Each structure stands twice: as C-alpha cells, then as structure tokens.
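Engineer: coordinates only, sequence not included:
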C-alpha cells in the first residue's frame, strides 16, 4: 500500500516535541502517526488506495492538505520549524 507522509519537524528540546505531539492528536480520521522519538520528526501518513493518475493524485493531495488546514495543523507548524545550524552534522 502506498502512503502519503507528512513529517512534523520539531526542535531538539522536549517542550517543542510535546507541542508537535499535541498537534498530531488533532490529525483528521484516517491518519496514522509514527512516534519516532529518536529522529527529529513525527511522521503522519495516510494510505493511498488504488493507482492514481496525475490529475486524480493532485485532487487527492489537495483534499489531504485541506484536512490538515481544517485541523489547524498547517497554520501551527511554521512556529516549530527547526532552526538552520552551521556545521557538517550527518544527522541533519
């Protein structure tokens, strides 16, 4: 099964992680959350049933974005984007 995945980024501190985790609880029905406490993200995914051709896929994707907008997830996310860091850290 193909899945549409959204990564909800968070800062390295616990308060930011908890804030993003609270957002994940507002995901619309049908979304699955991957609680990855090791990597700097929480994954949210939704199954894609069938083989979507381009126009149908774009319509489906727009509907998923609107679901996230309605749940007020997209409007909140920019506050929790990770800050750019200088360096050559392979974990980024």
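Structural biologist: All right, it came through fine. Predicted model, so just to flag it, every value in this text is computed and none were measured.
Engineer: what ranges of the chain fall below the confidence cut-off?
Structural biologist: 1-17, 19-20, 36-42, 50-52, 74-92 (pLDDT under 70).
Engineer: buried stuff in the biggest helix by length in the chain?
Structural biologist: Identified as the longest helix of the chain according to DSSP state H is helix 54-70. By neighbour count on 16 or more other CB atoms under 10 Å, the buried set for helix 54-70 is 60, 64, 67-68. In this view, the C-beta of every residue, glycine as well, is placed from N, C-alpha and C.
Engineer: now these as CSV including distance to residue 28?
Structural biologist: Below are the buried residues of helix 54-70 laid out as CSV (distance: CB to CB, whole Å):
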residue, distance to residue 28
60, 14
64, 9
67, 4
68, 8
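Engineer: Spatially, which two of those residues are the most separated?
Structural biologist: 60 and 68 (13.3 Å; CB to CB).
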